[in-house]
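S.K.: using only what follows, build the 3D model:
(2 chains)
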Amino acid sequence: MRTLEKKLNEKLTEIFENLNLDTDAAYVKRSDRPDLSDFQCNGALALAKTMKCPPRQIAESILQKLQNDPDIESVSVDGPGFLNIKLKNDFISKTLNEMACDENLGCEKVESPKKIVMDFGGPNVAKALHVGHLRSAVIGESLRRIMCFLGHNVISDVHFGDWGTPMGMILSQILEEDGDFSKVDTYNIDDISAIYKRANARCKEDEKSAEKARLITSELQNGNAEYQKAWKRLREVSVEAVKENYDELSAHFDLWLGESDAHPVCQQVVDIAQKEGLSEVDDGATIIRLPQANKPMPPVILVKSDGGFGYQLTDIATIKMRYDDLKADQIIYVVDKRQSLHFEQVFQVAEMLKLAPNTILKHVGFGTVNGADGKPFKTRDGGVMNLKDLISLSKEKVRLSMPKPGEVEGYGEPEIEKLIFEVAMAAIKFQDLKSNVGSGYIFDLEDFAKFEGKTGPYIQYAVARINSILRKAALNGIEDGEIIIHADDERSLALKIADFENTVIRAAEIYEPSIIADYVYNLAQIFSSFYNTCPILSEPDHALLVSRLRLARLTRDVLKCSLYLLGIEAPEKMLKSN
RNA sequence: GUACCCGUAGCUCAACCGGAUAGAGUAUUGGCCUCCGACGCCAAAGGUUGCGAGUUCGAACCUCGCCGGGUACGCCA
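M.R.: Below is the predicted model:
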């Protein structure tokens, strides 16, 4: 089906063609002046300059063609040349009735689906997930769902950090403490994590230890069997632990590859660079110098002077793999924006070496979670906060407002726990997704358990209220029917619902889940107003009753779908303690 | 030092290829539960979009200069 906006754009495109106007300008958007119109077209203003023609005159000519359209209530030219379009109620309700029957809620799949590889998560061996990993997982998962929903073929890869110096540090530390690797099989994630912390501390203050760690790293990478065996075990345990974390966040990964998997390809990349004459040896390291455009671009170190592969090489080799093995049309990295220079370099090298021709490489850089001091968030003891702890803290806050198990019929302990979890996660995720990806935020625990205002639970609450109405209707055997637009609040709700597809497309275009977060919040808000002024089940006019019931149901479906795209659950009921 | 990002209501943030009267949340003040779930709704108040020029019919958005903040800059990943 086609949504209101698409239908209008088609009408305009035809008119622009007839008038010999550039159809690039033949598009509408929701009006900035709801008092004047439902949609506006600024095309005349955009064209005036190149056509050397007064914008109002162009707008008038479009108006002539548009005003007799049976779907349009009125058109006017206002201000310098805005085309204000008001739609017939029938046109809106007809489109909404189509939407109510469409399983995709009016969202058409893209014509040519792309193979998109998404790289997010980026956990490390021996490190539990902390708040720094939260954003990558939450934003990445949301974008993954958005791209899938639009019909793309998405493959997500967690891209495990399993191959750098930290590996050598841990192995070295185990040797130091145990003498050999005989106890490795007994270590769980907490043990490994503790070992890493000790290793890190030791290497920081003692250059000799650091050197030894580097040595072991390169031996590991060169295939030392003993090291490999121990490393494999460490990796396994870490993957298990991290999987639990990602399950909790409901982040889905198709692939659990890591840096180590790119290792065999690294040498190939080095060879290609050499053959193309693009690499050179400098201070014992093999590097590629990048063209200095309008800003300084540091060279990329492929092979370090000690013979080890640099981490940038790993990422470059991974691009080659994703092109060769997965046939990626696009690769999206959801990684802290402080790494943007790194990705610029890596992308440039990939292009110079033609490793993935025609593949779009995109770094979606997100801002950091900061403490009250504006610096990246740390706990009181100077460490980073565990993701698990964060979730527990949020759950405890939510728990305070929930009834105890057994107080509400049908809600025993498992049901209450599930509800607490879903509400807490909604609070955390919405907080993370509501503002632009690029801007960071100040960490405040209160924000992660807030119910009121622009929050996840507020939207869940709107869904729960609609569910409640739908249950009552079903109980009384009332079915919904044709949507008819009657009151003003119905009209604005309907127009907002119709804007769903456009919202998803825009969010995908600029990789910005906050566009959906903003939309879903507005929709919930508009519904709440409607709910307040338009009685549904107590409406005496039966036609109006069933219409509003369908409108409510459709709202609920769009809310739920939007929440899904943000990775947020919508519980059937919300409960509250007295 | 060089490059990039940011500066919008007291606070946290929006603003859809440059558009009309710059919007939300929060905090403050007032109103609304005999009525489908008040985690709600309605309303008031809150602004020289850091400063100064320029381009444009039109600038929070584009250009330049200043001020203030952040981040990153070859052998950690």
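S.K.: contacts for stretch A:368-386 next, please.
M.R.: The contact list for stretch A:368-386, computed with C-beta atoms under 8 Å, 6 or more residues apart in numbering, reads A:128-132, A:134-135, A:336-338, A:440-444. No exception for glycine: its C-beta is placed from N, CA and C like everyone else's.
S.K.: report the buried residues of that stretch.
M.R.: For stretch A:368-386, burial by neighbour count (16 or more other C-beta atoms under 10 Å) applies to A:368, A:369, A:376, A:377, A:384, A:385, A:386.
S.K.: chain center to it: distance?
M.R.: Its chain's average C-alpha position is 23 Å from that of stretch A:368-386, according to C-alpha atoms, centre = their mean, to the nearest Å.
S.K.: what residues does the stretch 201-350 of chain A put near RNA strand B?
M.R.: A:214, A:217, A:259, A:282-285, A:287, A:294-296, A:298-299, A:301, A:304-306, A:308, A:310-311, A:314, A:337-342 (C-beta under 7 Å from any atom of the strand).
S.K.: what is the burial count for residue A:481?
M.R.: Neighbour count of residue A:481, defined by other C-beta atoms under 10 Å: 16.
S.K.: residue A:543 is in contact with that one, correct?
M.R.: Yes - using C-beta atoms under 8 Å, residue A:481 makes contact with residue A:543 at a distance of 7.1 Å.
S.K.: OK, contacts around residue A:105?
M.R.: With C-beta under 8 Å, 6+ apart, residue A:105 has these contacts: A:99, A:500, A:501, A:554, A:557, A:558, A:561.
S.K.: secondary structure element holding it?
M.R.: For residue A:105, there is no host helix or strand (DSSP states H and E).
S.K.: from residue A:3, how far out is it?
M.R.: Distance of residue A:105 to residue A:3, given as C-beta to C-beta, to the nearest Å: 10 Å.
S.K.: so for the two, which residues contact both of them?
M.R.: By C-beta under 8 Å, 6+ apart, residue A:105 and residue A:3 have these common neighbours: A:99, A:500, A:501.
S.K.: just those that are near RNA strand B?
M.R.: Of the shared contacts of residue A:105 and residue A:3, not one also sits near RNA strand B (C-beta under 7 Å from any atom of the strand).
S.K.: which of these are buried, as a PyMOL select command?
M.R.: Remark: buried members of those, expressed as a PyMOL selection using 16+ other C-beta under 10 Å:
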select buried, chain A and resi 99+500+501
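S.K.: sorry, back to before: filter the residues of the stretch 201-350 of chain A next to RNA strand B down to the buried ones.
M.R.: For those, a neighbour count by 16+ other C-beta under 10 Å gives the buried set as A:214, A:217, A:259, A:285, A:287, A:299, A:301, A:304, A:308, A:310-311, A:314, A:337, A:342.
S.K.: farthest pair within the residues you listed?
M.R.: Maximum pairwise distance among those (C-beta to C-beta): 28.7 Å, between A:214 and A:337.
S.K.: so which of the buried ones among the residues of the stretch 201-350 of chain A next to RNA strand B sit within strands?
M.R.: Using DSSP state E, A:285, A:287, A:301 are the members of these that sit in strands.
S.K.: got CSV for those, with pLDDT and distance to residue A:244 too?
M.R.: Below are these laid out as CSV (pLDDT from 0 to 100; distance: C-beta to C-beta, whole Å):
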residue, pLDDT, distance to residue A:244
A:285, 95, 39
A:287, 96, 40
A:301, 96, 35
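S.K.: out of those, which is nearest to RNA strand B?
M.R.: Distance to RNA strand B, by C-beta to the nearest atom of the strand, is smallest for residue A:285 among those, at 3.5 Å.
S.K.: now, the buried ones among the residues of the stretch 201-350 of chain A next to RNA strand B that are in helices?
M.R.: Those of these mapping onto helices are A:214, A:217, A:259, A:311, A:314, A:342, per DSSP state H.
S.K.: how close does the closest residue to the second one other than its chain neighbours get to residue A:215?
M.R.: This points to residue A:217. Nearest non-adjacent residue to residue A:217, counting by C-beta to C-beta, 6 or more residues apart in numbering: residue A:168, 3.0 Å away. Residue A:168 sits 7 Å away from residue A:215, going by C-beta to C-beta.
S.K.: tell me which of the two has more neighbours.
M.R.: Counted by other C-beta under 10 Å, residue A:168 and residue A:215 do not tie: residue A:168 has more neighbours, with 26 against 14.
S.K.: so which strand or helix has the more buried one?
M.R.: helix A:165-178.
S.K.: tell me the mean pLDDT for the next helix or strand after that helix?
M.R.: Beyond helix A:165-178 on the C-terminal side, the first helix or strand identified by DSSP H and E is helix A:189-205. The predicted model assigns helix A:189-205 a mean pLDDT of 89.
S.K.: try stretch A:397-415
M.R.: The average pLDDT within stretch A:397-415 is 94.
S.K.: so what's the residue of the stretch 201-350 of chain A found nearest RNA strand B up against?
M.R.: Going by C-beta to the nearest atom of the strand, RNA strand B is nearest to residue A:283 of the stretch 201-350 of chain A, at 2.8 Å. Residue A:283 is in contact with residue A:305, counting by C-beta under 8 Å, 6+ apart.
S.K.: one step back: just the angle for the helix holding residue A:168 relative to helix A:189-205, thanks.
M.R.: Going by axes from the mean of the first three to the mean of the last three C-alpha atoms, to 10 degrees, helix A:165-178 is angled at 100 degrees with respect to helix A:189-205.
S.K.: who touches helix A:165-178?
M.R.: Here helix A:165-178 has contacts from A:124-126, A:181, A:183-184, A:192, A:195-196, A:198-200, A:202-203, A:209-210, A:212-218, A:220, A:227, A:230-231, A:234, using C-beta under 8 Å, 6+ apart.
S.K.: related to what we said a few turns ago, cross-check the buried residues of stretch A:368-386 against RNA strand B and keep the overlap.
M.R.: Checking the buried residues of stretch A:368-386 against RNA strand B (C-beta under 7 Å from any atom of the strand), the matches are residue A:376.
S.K.: now tabulate the buried residues of stretch A:368-386 in CSV and tack on distance to residue A:526 and pLDDT.
M.R.: Formatted as CSV, the buried residues of stretch A:368-386 follow (distance: C-beta to C-beta, whole Å; pLDDT from 0 to 100):
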residue, distance to residue A:526, pLDDT
A:368, 33, 89
A:369, 31, 87
A:376, 37, 74
A:377, 35, 78
A:384, 39, 76
A:385, 36, 82
A:386, 38, 85
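S.K.: among the buried residues of stretch A:368-386, name the ones in helices.
M.R.: Of the positions in those, not one sits in helices, assigned by DSSP H.
S.K.: relative to residue A:525, which of the buried residues of stretch A:368-386 is nearest.
M.R.: Here the nearest of the buried residues of stretch A:368-386 to residue A:525, counting by C-beta to C-beta, is residue A:369; it sits at 26.8 Å.
S.K.: quickly note the distance from that closest one to residue A:135.
M.R.: From residue A:369 to residue A:135 the distance is 7 Å (C-beta to C-beta).
S.K.: any common contacting residues for these two?
M.R.: Among the neighbours of residue A:369, none is also in contact with residue A:135 (C-beta under 8 Å, 6+ apart).
S.K.: export the contacts of residue A:105 to a markdown table and tack on pLDDT, distance to residue A:274 and secondary structure?
M.R.: Below are these laid out as a markdown table (pLDDT from 0 to 100; distance: C-beta to C-beta, whole Å; DSSP: H, G, I helix; E, B strand; the rest coil):
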| residue | pLDDT | distance to residue A:274 | secondary structure |
| --- | --- | --- | --- |
| A:99 | 97 | 58 | helix |
| A:500 | 97 | 52 | helix |
| A:501 | 96 | 50 | helix |
| A:554 | 98 | 61 | helix |
| A:557 | 98 | 57 | helix |
| A:558 | 98 | 55 | helix |
| A:561 | 98 | 51 | helix |
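S.K.: buried ones in the helix holding residue A:168?
M.R.: A:165, A:166, A:167, A:168, A:169, A:170, A:171, A:172, A:173, A:174, A:175.
S.K.: quick check, pLDDT for the residue in the stretch 151-300 of chain A that RNA strand B sits nearest to.
M.R.: Of all residues in the stretch 151-300 of chain A, residue A:164 sits closest to RNA strand B, at 2.3 Å by C-beta to the nearest atom of the strand. We have a pLDDT of 85 for residue A:164.
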